[in-house]
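**Q** any chance you can model this:
(one chain, ligands or ions: 1)
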Amino acid sequence: MSTNASAGPTVGDVGEFALIDTILAAAPAPSPNVVVGPGDDSAVFAVPMGSVTCSTDAMVEGVHFKRDWSSANDIGRKAAAVNIADIEAMGATPRGLLIALCAPPELPVGWVEEFRDGVLAECATASVELLGGDTSASPVLTIVVTAMGDLEGREPITRAGARPGQHVAMMGRLGWAAAGLRTLSRGFRSPRVVVDAQRCPEVPYGFGRRASEGGATSMIDVSDGLLADLGHIAAASGVSIDITSASLEIAEPLRAVAAATGGDPLHLVLAGGEDHALVGTFDTVPDGWVAIGTVAEPGAAGVSVTVDGAVPEITGGHDHFAKPPRSSR
Ligand SMILES: [Mg+2]
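**A** Take a look at the predicted model:
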């Protein structure tokens, strides 16, 4: 974290309009797709082929992020990334972002500048434009991001399109952010790669569109954990899903965290949230995607998600991993 983020004038010192100017000053010039950019009552962007998909998320300090765990830059990147991932999950091309920043007056402007740089960096990675937003005073630092995407003439890929006989396939990483959360919550800062994954996910940008073009019939981004999110697809589609555990990669840093803190590293992959991998169902698994399971008719117990044919003992998100640390590393 730079000293900039905690020193200098505060949000209260400069006021709303100067704060907005600070944010927009660093944004790149709008692309030709932007008909009306930031500064008017509402932004306008062109979607020649038809439909726009939209999603919004609120991030509240102390609930969704901590300023002592994450830099302003990380928080900005994550705020953008988690919203853009929802657009990817519909099979759309992410195009624009709106941000409402509700900040305590004593927040340094330097923090907002670092946050802005994080947002813009993630937008650049995802080829998304900052279209506008709002600022307000608030007793609790709160960030609300709305993302919009262009379906470019394709049908949206919802959670309801999984069909018996299909493959379940994924693109991205699983378990990394949960391993990072477990690391941070025990007061450790390493393995650095999982801590970084907790601070901001590596979203597989562009693969939502490619999944749609590759025949995905249902899709979701893994925010709550693979089992929980596949449960949403199973419920919406009226199917059962079985995961083959041997197909899931358990990366070395996840094994290291599990070894240091207890528990099965596979559980991080099955139930850890916040990595925003894309998981979909396909008749034929596209190149580069990892086949991790199959879709079947609902069983006697109704729709369900099983692992290697059995109901898994773990069902929830990362909080279920909470165990006393076994290491004082
Ligand atoms: Mg989602």
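
**Q** tell me which element the nearest residue to His64 once chain neighbours are set aside falls in.
**A** In space, not counting the residues next to it along the chain, His64 is nearest to Ala58; the distance is 7.7 Å by CB to CB, 6 or more residues apart in numbering. In short, each C-beta sits where N, CA and C put it, glycine included. With elements taken from DSSP states H and E, the one containing Ala58 is strand 52-60.

**Q** what about Ala236, which SS state?
**A** Under the three-state scheme (DSSP: H, G, I helix; E, B strand; the rest coil), the conformation of Ala236 reads as helix.

**Q** contacts only, for it.
**A** Applying CB atoms under 8 Å, 6 or more residues apart in numbering to Ala236 gives the contacts 158-160, 162, 218.

**Q** again with Leu174
**A** By CB under 8 Å, 6+ apart, the contact list for Leu174 reads 222, 226, 248-249, 268-270, 272, 275, 277.

**Q** can you tell me which of those residues is nearest Thr142?
**A** The nearest member of the contacts of Leu174 to Thr142, counting by CB to CB, is Asp275 at 23.6 Å.

**Q** what pLDDT does the closest one get?
**A** The per-residue pLDDT reported for Asp275 equals 96.

**Q** didn't it look like it was pressed against Val222?
**A** Yes - the criterion here is CB atoms under 8 Å, and Asp275 meets it with Val222 at 5.8 Å.

**Q** what is in contact with these two at once?
**A** Taking CB under 8 Å, 6+ apart as the contact criterion, the residues that touch both Asp275 and Val222 are 172, 174.

**Q** point out the residues in the chain that sit beside the ion.
**A** Within the chain, the positions lying close to the ion (CB under 5 Å from the ion) are 86, 221.

**Q** point me to the residue of the stretch 151-300 of the chain nearest the ion.
**A** Proximity to the ion, evaluated over the stretch 151-300 of the chain using CB to the ion, is greatest for Asp221 at 4.4 Å.

**Q** tell me the spacing between that residue and Ala92.
**A** Spatial separation of Asp221 from Ala92 under the definition CB to CB, to the nearest Å is 12 Å.

**Q** tell me the first helix or strand C-terminal of the host helix or strand of Ala228.
**A** According to DSSP H and E, Ala228 maps onto helix 226-237. Proceeding C-terminally, helix 226-237 gives way to strand 240-243 as the next helix or strand, assigned by DSSP H and E.

**Q** who touches that next one?
**A** Identification of contacts with strand 240-243 by CB under 8 Å, 6+ apart yields 162, 168, 226-227, 230, 233-234, 270, 292-299, 303-309.

**Q** list the contacts for the closest residue to the ion within the stretch 51-200 of the chain?
**A** Distances from the stretch 51-200 of the chain to the ion, computed as CB to the ion, single out Asp86 as the nearest residue at 4.3 Å. Contact partners of Asp86, counting by CB under 8 Å, 6+ apart, are 55, 57, 147, 221.

**Q** next structured bit after the strand holding Ala58?
**A** Under the assignment DSSP H and E, the closest C-terminal helix or strand after strand 52-60 is helix 72-88.

**Q** show the average pLDDT along that following helix.
**A** For helix 72-88, the per-residue pLDDT values average out at 96.

**Q** and the angle for it with strand 52-60?
**A** Inter-element angle recorded for helix 72-88 and strand 52-60: 150 degrees (by axes from the mean of the first three to the mean of the last three CA atoms, to 10 degrees).

**Q** alpha carbons of helix 72-88, in PDB - could you do that?
**A** The C-alpha trace of helix 72-88 is given here as PDB (Å, rounded to 0.1, in the frame of the first residue of the first chain):
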ATOM      1  CA  ALA A  72      -7.100   0.300  -2.300                       C
ATOM      2  CA  ASN A  73      -5.800  -0.900  -5.600                       C
ATOM      3  CA  ASP A  74      -6.800  -4.500  -4.800                       C
ATOM      4  CA  ILE A  75     -10.200  -3.500  -3.600                       C
ATOM      5  CA  GLY A  76     -10.800  -1.500  -6.800                       C
ATOM      6  CA  ARG A  77      -9.600  -4.400  -9.000                       C
ATOM      7  CA  LYS A  78     -11.800  -6.900  -7.000                       C
ATOM      8  CA  ALA A  79     -14.900  -4.700  -7.200                       C
ATOM      9  CA  ALA A  80     -14.600  -4.500 -10.900                       C
ATOM     10  CA  ALA A  81     -13.600  -8.200 -11.400                       C
ATOM     11  CA  VAL A  82     -16.400  -9.800  -9.400                       C
ATOM     12  CA  ASN A  83     -19.000  -7.900 -11.300                       C
ATOM     13  CA  ILE A  84     -17.500  -8.400 -14.700                       C
ATOM     14  CA  ALA A  85     -17.400 -12.100 -13.900                       C
ATOM     15  CA  ASP A  86     -21.200 -12.100 -13.700                       C
ATOM     16  CA  ILE A  87     -21.400 -10.700 -17.200                       C
ATOM     17  CA  GLU A  88     -19.000 -13.400 -18.500                       C
END
